[in-house]
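1. Quick one, fold the following:
(one chain, ligands or ions: 1)
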Amino acid sequence: MTPRVQALVVGGGISGLVCAYALRKAGLDAHLFEASRRPGGVIQSIARDGFLLDLGPQSFSGTASLRALFQDLGISDQIIQAPTHAPRYVIVDGALRPVPLSPPAFFTSSLINVSTKWTLVRDLIGKSAPPDADESVAAFVRRKFSQQLLDRLVGPFVSGVYAGDPERLSLRSAFPSLYEAEKSAGSIIRGMLRASKTKTGPSERPTLLAFRDGNETLIRALSNILGPSLHPGASITGVSVENGGSFDVQFEAHGSSESISTKSLILAAPTNVTGKLLSHLDPSFESLLARMEYAPVAVVSLGYRISDIGHSLDGFGFLVPRSYGLRVLGTVWNSSLFPGRAPEGHALLTSFAGGATDPSAASLPAAALTSLVHREISPILSISSEPVFSNVTVWPLALPQYNLGHSNRLAAVAKLLRNHPGIWLAGNYLRGPAIGSCVEQAMAVADEVREALEK
Ligand SMILES: Cc1cc2nc3c(=O)[nH]c(=O)nc-3n(C[C@H](O)[C@H](O)[C@H](O)COP(=O)(O)OP(=O)(O)OC[C@H]3O[C@@H](n4cnc5c(N)ncnc54)[C@H](O)[C@@H]3O)c2cc1C
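-> Numbers count the residues shown, from 1 in each chain. Next up is the predicted model:
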């Protein structure tokens, strides 16, 4: 007889793990099936030759819901915080220039010319409205502010968060708070100020966090609690509807094909997998979900002797405007932010290449990526010797792109889902790619599943 569970989660990245954890915490018999032997999706850490590396996200913003989750999991004491005032840099005219992080710093910064500064004043005292049509981030910045702001700050920031292309990213999908600010207040600055005043709940300190032993600590804690309800190495291959509205879910594990029945199916895999699995229920799922693009990213970690680096490495790291002509998108100075990332006398620097603006860089062989990154960052940081350590990880589907039309595609998927009660979606393409956003979205889904089962 086919085994039956109350809820089945497909995909054991942070979204699926948190969803399964919240469902089990609510007392439901929820099981999680993860294709890989190692749960966590893009959140992976490794220790080698005295270096401690994160292969995906290097750090994350400490939101209130993340802190609550860490408390619940008993891992709050393993959190470490980056220095709050660590400067972030951007390369302009060949030099690292600090990014202004406060309004006074912005107005005194030489990074931005007077006419760009005036566009902010104009926004504050003037009134504008967003166009009806979906607007790209680049078009928005040019309409409201200036090409210089786009080149020097917004473009690099967009690379840092989405590995995205501002000409294709949708403002209302990728940065909804900016879109809403202009829509509701006729001004980005007034709208943002108003939103921050009306925010309820505990105020969130904008701190950058990581785990002392690497970000996989979070994955291990969730996996341990899930115990035998987590099934690694089990790849879901098909979904069909049974009589009575339950789902028959087929999977492959340990070389054999099996199936399991569930009343609630939560798909927390990337959109290509989710679209394919749901295509048996309605082919439109696949055409809509497959149209969501992902950017590939190569994560290149290099270790150097500190004595071989001329720069002080005092700060978070730097981002590179695309107009500067380098293939490196940015570099994080891990060992300046968190302890234990490099052996005594060494520094660990993690650089990113690829993204939506240069996807082919992520397909280069590991040795080529290592020498490319070393060649490009050496003059910027006055590095005089070859790296003593290197590691390259390529994520072909690193980050979903919230491109033009994204919100319409999501609305169309939500409409289709209304014809298939018992199915939910979770993942980083829905409410933001940040770990905190994935966790909030996954918990909201778990609440919906619980409420539906209680009806
Ligand atoms: C290089 C990089 C840097 C990043 N930096 C940051 C950062 O600094 N801060 C931050 O907050 N966020 C960052 N992010 C984003 C964040 O890490 C991700 O958005 C988030 O971890 C995605 O989690 P997820 O569970 O939605 O998806 P994923 O991690 O992609 O997990 C999906 C899971 O589904 C599984 N799966 C696929 N097919 C099947 C199947 N058929 N059956 C069963 N399982 C299946 C996969 O194996 C995978 O484990 C970064 C991401 C990358 C790649």
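2. Tell me the residues of the stretch 1-150 of the chain that contact the ligand?
-> 10-16, 33-36, 41-43, 56-60 (CB under 6 Å from any ligand atom). For glycine as for every other residue, the C-beta is placed from the backbone atoms N, C-alpha and C.
3. Of these, just the buried ones, PyMOL syntax please.
-> Command for PyMOL that selects the buried part of these, burial taken from 16 or more other CB atoms under 10 Å:
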select buried, resi 10+11+12+13+14+15+16+33+34+35+41+42+43+56+57+58+59+60
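4. Out of the residues of the stretch 1-150 of the chain next to the ligand, which sit inside helices?
-> Ile14, Ser15, Gly16 (DSSP state H).
5. Now distance to Pro343 and pLDDT too, for those, in JSON lines please.
-> As requested, those are exported to JSON lines (distance: CB to CB, whole Å; pLDDT from 0 to 100):
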{"residue": "Ile14", "distance to Pro343": "29", "pLDDT": "98"}
{"residue": "Ser15", "distance to Pro343": "34", "pLDDT": "98"}
{"residue": "Gly16", "distance to Pro343": "35", "pLDDT": "98"}
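6. got the contact list for the top helix by length along the chain?
-> For the chain, the longest helix by residue count, based on DSSP H, is helix 435-454. Applying CB atoms under 8 Å, 6 or more residues apart in numbering, the external contacts of helix 435-454 come out as 6-7, 13-19, 22-23, 26, 28, 43, 57, 60-63, 65-66, 69, 263-264, 266, 268, 421-422, 424-428, 430-432.
7. so where's the stretch 151-300 of the chain shaky on pLDDT?
-> For the stretch 151-300 of the chain, applying pLDDT under 70 flags the ranges 200-206.
8. so where do the helices sit in it?
-> Taking DSSP state H, counting those that start in this stretch as the criterion, the stretch 151-300 of the chain carries its helices at 155-162, 171-174, 176-185, 188-198, 216-226, 271-278, 283-290.
9. Look up how far Ser61 lies from the closest residue to Arg431 other than its chain neighbours.
-> Closest residue to Arg431 apart from its sequence neighbours, by CB to CB, 6 or more residues apart in numbering: Gln441 at 4.4 Å. Gln441 sits 15 Å away from Ser61, taking CB to CB, to the nearest Å as the criterion.
10. what about these two, which has more around it?
-> Remark: of Gln441 and Ser61, Gln441 carries more neighbours, 22 against 15, as counted by other CB atoms under 10 Å.
11. And the more buried one, how far from Arg450?
-> Distance, Gln441 to Arg450, by CB to CB: 15 Å.
12. what do you get for Val114?
-> Applying CB to CB, the value for Val114 to Arg450 is 55 Å.
13. Among the two, which residue is more densely surrounded?
-> Shown here are Val114 and Arg450; by other CB under 10 Å, Arg450 has more neighbours (19 against 7).
14. And the more buried one, how far from Ala30?
-> 10 Å.
15. hang on, the earlier thing: could the helices of the stretch 151-300 of the chain be laid out in JSON lines, adding distance to Val300 and mean neighbour count?
-> Below are those laid out as JSON lines (distance: least, CB to CB, whole Å; neighbours: other CB atoms under 10 Å):
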{"stretch": "helix 155-162", "distance to Val300": "15", "mean neighbour count": "22"}
{"stretch": "helix 171-174", "distance to Val300": "25", "mean neighbour count": "22"}
{"stretch": "helix 176-185", "distance to Val300": "31", "mean neighbour count": "17"}
{"stretch": "helix 188-198", "distance to Val300": "35", "mean neighbour count": "14"}
{"stretch": "helix 216-226", "distance to Val300": "19", "mean neighbour count": "20"}
{"stretch": "helix 271-278", "distance to Val300": "25", "mean neighbour count": "22"}
{"stretch": "helix 283-290", "distance to Val300": "29", "mean neighbour count": "18"}
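16. Give me every residue in the stretch 151-300 of the chain lying close to the ligand.
-> Neighbours of the ligand within the stretch 151-300 of the chain, by CB under 6 Å from any ligand atom: Ser235, Ile236, Ala268, Ala269, Pro270, Val273, Val297, Val299.
17. Run a quick check on Pro270 versus Leu289, I expect a contact.
-> No. In this structure Pro270 lies outside contact range of Leu289 using CB atoms under 8 Å: 9.0 Å.
18. Show me which residues of the stretch 301-450 of the chain sit near the ligand.
-> Checking the stretch 301-450 of the chain against the ligand by CB under 6 Å from any ligand atom, the hits are Trp395, Ala398, Leu399, Gly427, Asn428, Pro433, Ala434, Ile435, Cys438.
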